[in-house]
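Participant: I'd like to go over a predicted model; first the sequence, then the structure.
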Amino acid sequence: MQSTLYYVHDPMCSWCWGFEPTRAQLFAALAGRIRIRRMVGGLAPDSDAPMVEGMRLGLQQTWRRIEQVIPGTRFNFDFWEKCAPRRSTYPANRAVIAARGQGEEYDPLLTARIQRAYYLEARNPSDNETLVALAADIGLDVERFSADLLAEATQRSLLAEIQSSRAMGIDSFPSLAVENAGRLTHLGLNYTDADAMLRQIEASME
């Protein structure tokens, strides 16, 4: 039975943005060697409430820390002035699931587009209209995407993925875990060294 690598993330998780270059290197090194399953973890439920000042400042501090500890990571702080931030990542999670419905390849494509829009272009992926525009950017059927984004089935899929990741003991993002011969192994993340994680994965598959 082929081993499975689970990657649990949230497209609006700033540490996932910092992890992205190393994650891409890791997945490229694993191509054809292990089944990879991407899952959204649901960082923050739906909310129309403006983000409180303390959280706004805390997240900006997190962005600055990530820039310091993960070389090459950049954030556009204009977001905090141009947008109306809400602590609500479920819309972006549902968008990834809706995109996946048009082909598995659209999961990473839309995730990357959401990340660039949020962190570099100062656009708000908590807003459905932003997500629809980003779906168009990557060539999705926008009419179908718009319907799926709001569909109850998509929300059920999101809640099921969240439940599955929590059942695996995963409640922070990004997270990696390998399932091999019925055994689940949680991996230690290295944000700058794909080889370190590759060695962990190879060891878990032995």
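Facilitator: Arrived safely. Numbering: from 1, shown residues only.
Participant: tell me the phi and psi of G32?
Facilitator: phi 80, psi 0 (degrees, to the nearest 10).
Participant: and the closest residue to S47 other than its chain neighbours, what is it in contact with?
Facilitator: Distances taken as Cβ to Cβ, 6 or more residues apart in numbering put S88 closest to S47, at 4.4 Å, once the chain neighbours are dropped. The way it works is simple: take the backbone N, C-alpha and C, and place the C-beta from them, glycine included. By Cβ atoms under 8 Å, 6 or more residues apart in numbering, S88 lies in contact with 44-48, 126.
Participant: For those, I'd like a selection string for ChimeraX - just the buried members, please.
Facilitator: Filtering the contacts of S88 down to the buried ones (16 or more other Cβ atoms under 10 Å) takes a single ChimeraX command:
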select :44,126
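Participant: now, the most widely separated pair of the contacts of S88?
Facilitator: Pairwise distances across the contacts of S88 peak at 12.5 Å for A44 and D48 (criterion: Cβ to Cβ).
Participant: Where do the helices of the protein begin and end?
Facilitator: 14-30, 53-69, 79-82, 90-100, 106-119, 128-137, 142-150, 152-167, 194-204 (DSSP state H).
Participant: now I36, which residues is it bridged with?
Facilitator: I36 forms beta bridges with L5, as assigned by DSSP bridges.
Participant: Same check on H9?
Facilitator: Bridge pairing for H9 - DSSP bridges - gives V40.
Participant: give the contact list for it.
Facilitator: 16, 38-41, 111, 173-175.
Participant: How about residues contacting stretch 66-77?
Facilitator: 14-15, 17-19, 21, 60, 63-64, 119-122, 191-192.
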